[in-house]
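Undergrad: 3D, please:
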Amino acid sequence: MDFALIGRIWPFFAEAAWVTIEVSMLAIILGLILGFAAALASLSRNVLLRWPARAYVSVFRGTPALIQLFLLYFGGPQIGINLGPFEAGVIGLGINIGAYMCETIRGAILSVDKGQTEAGRCLGLGQAQVMRRVILPQAARMMVRPLGVNAIALIKGSAIVSTISVLELSYTAHRYISSTYKPFEMFILASIFYLAIVTVFSFGVKKIDERVALES
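TA: Residues are numbered from 1 along each chain as shown. I've put the predicted structure just below:
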């Protein structure tokens, strides 16, 4: 183990770790937005909303995230979609994780007892009001932890954006391997940063889960 080398290059990995965090957090936000929209659409009685939402989930859960990313970044220019590596990485990861989050959110909503909906209706609330004031607050406590698992999987899976030259941890590790010929040190260093990011994020999810449980 070349500790002197690690001591010299770790600041560059720290910069790359920040890129990993940015890509992951933006993709998680996009995924949550798409996941909530698709979950609500898939539960709608309107076929024009329900079927496109279910098709979205089926397609993006049933095909590799890497292929989706390549289609967006390399294939996009053929149909007029020109994105930089960072933007393509965020959108590609966000759309992919959104399909998984959709199923998590939909499952949490469906797990709320149907009597709660009937109770809300008896109080004179409309369908949208019942969802917002009655169903979602109860579903929230059941979806925080699974959504956190989805998000952690995305953080670790964000390494695939290195294939389109996003300067994140995996790309940086490969770049230094080509100049130092020290793959063990480079991947160990990248792993340490990934572990630190996931640990901090997991702690945050745990705290949110505990707070939601207390409020509900």
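Undergrad: Look up which helix or strand residue 95 falls in, please.
TA: Per DSSP states H and E, residue 95 falls inside helix 85-111.
Undergrad: which helices and strands does that helix pack with?
TA: For helix 85-111, the packing partners by 3 or more C-beta pairs under 8 Å, 6 or more residues apart in numbering; DSSP states H and E come out as helix 3-42, helix 47-62, helix 65-73, helix 136-157. From N, CA and C alone the C-beta is placed, and that goes for glycine too.
Undergrad: JSON lines for these, including mean pLDDT, mean neighbour count and distance to residue 176?
TA: Below are the helices and strands packed on helix 85-111 laid out as JSON lines (pLDDT from 0 to 100; neighbours: other C-beta atoms under 10 Å; distance: least, C-beta to C-beta, whole Å):
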{"stretch": "helix 3-42", "mean pLDDT": "91", "mean neighbour count": "18", "distance to residue 176": "6"}
{"stretch": "helix 47-62", "mean pLDDT": "93", "mean neighbour count": "14", "distance to residue 176": "33"}
{"stretch": "helix 65-73", "mean pLDDT": "94", "mean neighbour count": "18", "distance to residue 176": "23"}
{"stretch": "helix 136-157", "mean pLDDT": "87", "mean neighbour count": "18", "distance to residue 176": "20"}
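Undergrad: Need those helices in a markdown table (columns: distance to residue 173).
TA: Formatted as a markdown table, the helices and strands packed on helix 85-111 follow (distance: least, C-beta to C-beta, whole Å):
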| stretch | distance to residue 173 |
| --- | --- |
| helix 3-42 | 8 |
| helix 47-62 | 28 |
| helix 65-73 | 18 |
| helix 136-157 | 14 |
